[in-house]
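K.L.:
got a sequence here, can you build the structure:
(one chain, ligands or ions: 2)
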Amino acid sequence: MNITYYGHSCFGVEVNGKHILFDPYITPNELAKNINVGKIKADYILISHGHYDHIADAISIAKRTGAKVVSNFEIVTWVNNQGEENTHPMNIGGTWKFDFGSVKCVLAVHSSTLPDGSTGGNPMGFVIESSEGSFYYAGDTALTYDMKLIGDYNKVDFSFLPIGDNFTMVVESAINATGFIKCNKVIGMHYDTFGYIKINKEDAVKKFKDAGCELILLEIGETKSI
Ligand code: NI
Ligand code: MN
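P.N.:
Numbers count the residues shown, from 1 in each chain. Ligands and ions are numbered 1, 2, ... in the order given. Predicted coordinates:
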């Protein structure tokens, strides 16, 4: 799987030849100013929750690419109301098989109001399983015991976890999460974008290493094969 980082919590993951884009927030992100949003490929756009820093470019990318937007029922309704019909509504606990693999929606402990103040339902994370490998995209979340369900019933090769503190888990909580998930390989997200979530990256990588885990922090625009 090829993974490209577009800043904040936005990643493109290529699975079985399909491009899956998570939580597009690029054009308002000063750190991602070198990303050409008009060139990002997407066959699917997965949205974890309704906050602006996860959804800002979703409609424009969906319109340009024709990508199918996958999220909870309330966010999909909001997307439909903006004229985008290629959508798939889901909710926590449900799994659906797409052409690249399956998507399971799992609990995230956070909030989810949409930018216009309408309800964004409940925040979610995603477990993606495919013939090329499996991973967990946590979205914005606190550390929660429900992550143990992922460790008990799924086998993931790596996880995307928030590490920026203030709105989500801090580094130490993400390290604890790896024990619940039973996977020590983590790609960090939701850090450095705003003043509240600035982190010391070297320190974070060292803390993971000292705990016997691996923290991968991609450069914005970087593509890594896992
Ligand atoms: Ni959020
Ligand atoms: Mn966020």
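K.L.:
show the pLDDT at the spatially closest residue to Ala58 that is not a sequence neighbour.
P.N.:
Of all residues not flanking Ala58 in the chain, Pro24 sits nearest, at 5.1 Å (Cβ to Cβ, 6 or more residues apart in numbering). (C-beta placed from N, C-alpha, C; glycine too.) Here, the pLDDT recorded for Pro24 equals 98.
K.L.:
Pro24 against Asp53, yeah?
P.N.:
No - shown here, Pro24 and Asp53 do not form a contact pair, counting by Cβ atoms under 8 Å, at 10.1 Å.
K.L.:
the more surrounded of those two?
P.N.:
Per other Cβ atoms under 10 Å, whichever of Pro24 and Asp53 has more neighbours is Pro24, with 29 against 20.
K.L.:
and the closest residue to Asn86 other than its chain neighbours, how far from Ser159?
P.N.:
Leaving aside its chain neighbours, Asn86 sits nearest to Lys68 (4.9 Å; criterion: Cβ to Cβ, 6+ apart). Distance check for Lys68 against Ser159: by Cβ to Cβ, to the nearest Å, it reads 24 Å.
K.L.:
show me what from this protein comes close to ligand 1.
P.N.:
Taking Cβ under 5 Å from the ion as the measure of proximity, the chain contacts ligand 1 at His51, Asp140.
K.L.:
show me which residues of the chain sit near ligand 2.
P.N.:
So the chain meets ligand 2 at His51, Asp53, Asp140 (Cβ under 5 Å from the ion).
K.L.:
next up, the contacts around the last one.
P.N.:
Spelled out, it's Asp140. Ser9, Ser48, His49, His51, His54, Ala108, His110, Pro123, Pro162, Phe167, Thr168, His190 (Cβ atoms under 8 Å, 6 or more residues apart in numbering).
K.L.:
so what's the residue count around the closest residue to Asn16 other than its chain neighbours?
P.N.:
Take Asn16 and drop its neighbours on the chain: the residue closest to it by Cβ to Cβ, 6+ apart is Phe100, 4.5 Å away. Per other Cβ under 10 Å, the neighbour tally for Phe100 reads 20.
K.L.:
Phe100: helix or strand, and which one exactly?
P.N.:
Counting by DSSP states H and E, no helix or strand carries Phe100.
K.L.:
which residues touch it?
P.N.:
Counting by Cβ under 8 Å, 6+ apart, Phe100 has contacts Val15, Asn16, Gly17, Lys18, Ile20, Asp43, Tyr44, Ser130.
K.L.:
now it: phi and psi?
P.N.:
When read as degrees, to the nearest 10, the backbone of Phe100 gives phi -90, psi -20.
K.L.:
what about it, distance to Ile187?
P.N.:
Distance check for Phe100 against Ile187: by Cβ to Cβ, it reads 18 Å.
K.L.:
and if you look at Lys148?
P.N.:
Going from Lys148 to Ile187 by Cβ to Cβ gives 20 Å.
K.L.:
before we move on, what about Leu143?
P.N.:
From Leu143 across to Ile187, the span is 17 Å (Cβ to Cβ).
K.L.:
looking at the two, which is more packed in?
P.N.:
Neighbour count, other Cβ under 10 Å: between Leu143 and Ile187, Ile187 has more, with 22 against 19.
K.L.:
for the chain, which segments count as strands?
P.N.:
2-5, 11-15, 18-22, 44-46, 68-72, 87-90, 95-97, 102-107, 124-130, 133-137, 158-162, 185-189, 214-216, 223-225 (DSSP state E).
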